[in-house]
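1. Just a sequence and a predicted model for now, questions to come.
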Amino acid sequence: MSRKIKALVVDDSAFMRKSLSMMLESTGEIEVIAAARDGQEGVELVKSKLPDIVTMDIEMPRMDGLTALEKIMKECPTPVLMISSLTTEGAKDTIKALELGAVDFIPKELSYINVNIIKIKEDLISKVKAIVSQRSLSLRLQRIQNLRINKGPVNTNSTEYVSKAIPKIGYKAVALGVSTGGPMSLQKVVPKLAENFSVPMFIVQHMPPKFTKSLAERLNGLSSVEVKEAENNEIVKAGVVYIAPGGMHMTVERNSANTRIVISENPADTLHRPSVDVMLNSVIQTYGKYVLGVIMTGMGRDGADAIKELKIKGGYSIAQNEETCVVYGMPKAIIDSGYADSIVPLEKIATEINKAVI
């Protein structure tokens, strides 16, 4: 962008407002045009200041972040990043916020004795820049509105929609990677999996601990297939969707009797944990070319190296198209490399998966 990104910070803590503002403005590319002490003031400032993006705390007096978010999405749709506490209740509220239209979230420690808020700086800045750098304001807001649970389907008549006939090779597993914008995007995919879904599905969503459990529980309640947070040493079952625990890698191992899930902190040198590449490479090692690889919305290129290996082995891959991504990074990496067999809008991904495995 030729001009600075305009940000609004909404938090009831003066310390947090100051900290977030200093972090955002440290790059010289972001300007905090205003700060609000509660949700009500935040809604009013969104309407009057028209920021490019909002950071929103959840627990606030007078009007909480969830209520403010809902009002913003109805009255003046704007990209909102939730600032979420690393607690079980905070995780549940965050999943609710993502359903209401928040584009993503930043986790924070609830400790003011040993303040670790600076840890979120890199994540905060990268997400703000990635979200705001999409092609246009109108497209970005359309993405956010279309992803809300009660909205109708997005336009699938895009020139970016390229779907080859998926070969019927007897797929034995589906492996899906997703990041920024993933929690609400997954609610457009997993609940649409057919009741007779016949293979295991492994999902890596970049998230910290606690949040993946709440996400899995929410998806399980919406779906006809079983969805769960993966556990170490559990036996893989057909028709079950396994979500990697936040902060841990998920891999699979096969012996003569069965295939089991391994949850571990290793490898410790990956950019992301859980990592799409780590999970997908493991699934490929176990099931070979009979893996359907799916890469959805997210920053960066996690999953691209593993998709390359899948293609070398003769497997098939699906990438989410740009128009329906919240952040067009991970799918772009495999599309630009020529490893995407199908480029599919969000609303069509479950259909393509069902066709392949049933």
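-> Here it is on my side, so go on.
2. what helix or strand is K129 on?
-> Assigned by DSSP states H and E, K129 belongs to helix 121-132.
3. ok, residues contacting that helix?
-> When contacts are taken as Cβ atoms under 8 Å, 6 or more residues apart in numbering, the neighbours of helix 121-132 outside the stretch itself are 1, 5, 7, 20, 23-24, 26-27, 29-30, 52-53, 55, 79, 81, 103-104, 106, 140, 180, 299, 326-327, 329. In short, each C-beta sits where N, CA and C put it, glycine included.
4. export it as PDB, just CAs?
-> The C-alpha atoms that make up helix 121-132 are tabulated as PDB, following Å, rounded to 0.1, in the frame of the first residue of the first chain:
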ATOM      1  CA  LYS A 121       4.300  -8.300  18.100                       C
ATOM      2  CA  GLU A 122       5.500 -10.200  15.000                       C
ATOM      3  CA  ASP A 123       2.300 -12.200  14.700                       C
ATOM      4  CA  LEU A 124       0.200  -9.100  15.100                       C
ATOM      5  CA  ILE A 125       2.000  -7.000  12.500                       C
ATOM      6  CA  SER A 126       2.200  -9.800   9.900                       C
ATOM      7  CA  LYS A 127      -1.500 -10.500  10.200                       C
ATOM      8  CA  VAL A 128      -2.500  -6.900  10.000                       C
ATOM      9  CA  LYS A 129      -0.300  -6.300   6.900                       C
ATOM     10  CA  ALA A 130      -1.400  -9.600   5.200                       C
ATOM     11  CA  ILE A 131      -5.100  -9.000   5.700                       C
ATOM     12  CA  VAL A 132      -5.100  -5.300   4.600                       C
END
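5. Can we start the residue count at 739 from this point?
-> Okay, residue one is now 739; in that scheme the one you just asked about reads as helix 859-870.
6. How far away from the center of its chain is stretch 972-992?
-> Taking the mean of its C-alpha atoms, stretch 972-992 sits 18 Å from the chain's own mean (Cα atoms, centre = their mean, to the nearest Å).
7. Can you check the distance spanned by it, start to finish?
-> This stretch, stretch 972-992, spans 12 Å end to end (Cα to Cα, to the nearest Å).
8. Am I right that V912 falls within a strand?
-> Yes. With DSSP: H, G, I helix; E, B strand; the rest coil as the criterion, V912 is assigned to a strand.
9. ok, it - contacts?
-> For V912, the contacting residues are V937, P938, M939, F940, V1029, L1030, V1032, I1091, A1094, V1095, taking Cβ under 8 Å, 6+ apart as the criterion.
10. now swap in T805 and tell me
-> Counting by Cβ under 8 Å, 6+ apart, T805 makes contact with G777.
11. So it lies in a strand, does it not?
-> No. Using three-state DSSP, the secondary structure at T805 is helix, not a strand.
12. quick revisit: list the buried residues in the helix holding K867.
-> Within helix 859-870, the residues scored as buried using 16 or more other Cβ atoms under 10 Å are K859, D861, L862, I863, K865, V866, K867, A868, I869, V870.
13. thinking again about what came up before, in ChimeraX, how would I select the buried members of the contacts of helix 859-870?
-> Buried residues among the contacts of helix 859-870 (16+ other Cβ under 10 Å), as a ChimeraX selection:
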select :743,745,758,761,762,768,790,791,793,817,819,841,842,844,878,918,1037,1064,1065,1067
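14. Quick one: mean pLDDT over stretch 776-792.
-> For stretch 776-792, the per-residue pLDDT values average out at 96.
15. Would you mind measuring from L1030 to A1078?
-> Applying Cβ to Cβ, to the nearest Å, one obtains 12 Å for the distance of L1030 from A1078.
16. Touching both of those two, which residues are there?
-> Both L1030 and A1078 are in contact with S1055, I1056, where contact means Cβ under 8 Å, 6+ apart.
17. Could you list the buried residues of stretch 1050-1063?
-> By neighbour count on 16+ other Cβ under 10 Å, the buried set for stretch 1050-1063 is G1053, Y1054, S1055, I1056, A1057, Q1058, N1059, E1060, E1061, T1062, C1063.
18. no, scratch that, I was asking about stretch 833-840
-> Buried residues in stretch 833-840, counting neighbours by 16+ other Cβ under 10 Å, are found at I833, K834, A835, L836, E837, L838, G839, A840.
19. any chance of these in TSV, plus secondary structure and distance to Q1023?
-> Formatted as TSV, the entries for these read as follows, by DSSP: H, G, I helix; E, B strand; the rest coil; distance: Cβ to Cβ, whole Å:
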residue	secondary structure	distance to Q1023
I833	helix	32
K834	helix	37
A835	helix	37
L836	helix	32
E837	helix	35
L838	helix	39
G839	coil	39
A840	coil	36
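20. can you name the two of these that are farthest apart?
-> Distances among the buried residues of stretch 833-840 were taken as Cβ to Cβ; the most separated pair is I833 and G839, at 12.6 Å.
21. which regions of the stretch 889-1038 of the chain sit below the pLDDT cut-off?
-> Across the stretch 889-1038 of the chain, the stretches falling below the confidence threshold (pLDDT under 70) are 889-902.
22. ok, now which ones touch the closest residue to P1005 other than its chain neighbours?
-> When the adjacent residues along the chain are set aside, P1005 lies closest to V1016, with 6.7 Å between them (Cβ to Cβ, 6 or more residues apart in numbering). When contacts are counted by Cβ under 8 Å, 6+ apart, V1016 touches H987, M988, T989, P1005, T1008.
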